[in-house]
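Asks: Please find the sequence and the predicted model below.
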Amino acid sequence: QVQLVESGGGLVQAGGSLRLSCAASGHTFSAYAMAWFRQAPGKDREFVATLTWSARSTYYKDSVKGRFTISRDNAKNTVYLQMNSLEPEDTAVYYCAATLTRAVLPVLSVASMYNYWGQGTQVTVSS
C-alpha cells in the first residue's frame, strides 16, 4: 500500500511555471506506475500525464504535450510534474495517483486503473 501527498500548487500568471511534487510512503514505490490527473470546477477528473515504474516511458494529454513533464526520483519516493507555459485552462486541483498495474500507456490514462490517490493540490492560472 502507498500513501500520496501532493505539494507545489499555487497561483501563477499565464505563461508562468510551477512544479508539483508527490511524495509517496511505502517500501515499493519504484514498482508503481505514477500519474497526474486534474479536476477543474464543474468538470470531470481528467488525465494529464503518466510515467511507468521504470521511468522509461511517459504519456501525456495532448493539450499539455511540450509544456508539462512528468518525472520520478525513486530514491526520494517522489514523482514530479513540471508545468511550463501555463494557461488559464490549466486551472484545476491536481491529483497524484499510483498503480501496480502493468499496461500499455494509453490504458494507464484511465483513472479507474489507479488504486491510490492523493488529496490534491490547487493550481490557479490567472490571465
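Replies: That came in fine, so what should we check first?
Asks: Quick check: L11 touching S126?
Replies: Yes - between L11 and S126 there is a contact under CB atoms under 8 Å: 6.6 Å. Quick note: C-beta positions are derived from backbone N, CA and C, even for glycine.
Asks: which residue packs closest to the residue most central in space within the chain, ignoring adjacent ones?
Replies: By CA atoms, centre = their mean, the chain has its centre lying nearest to W36, at 1.9 Å. Using CB to CB, 6 or more residues apart in numbering and skipping residues adjacent in sequence, the residue nearest W36 is V48, 4.3 Å away.
Asks: And for G42, the neighbour number?
Replies: 5 (other CB atoms under 10 Å).
Asks: Please apply the same query to the one 4 residues further on.
Replies: Around E46 there are 14 other residues, counting by other CB under 10 Å.
Asks: Hmm, it is touching D62, no?
Replies: No - counting by CB under 8 Å, E46 does not reach D62; the two are 11.3 Å apart.
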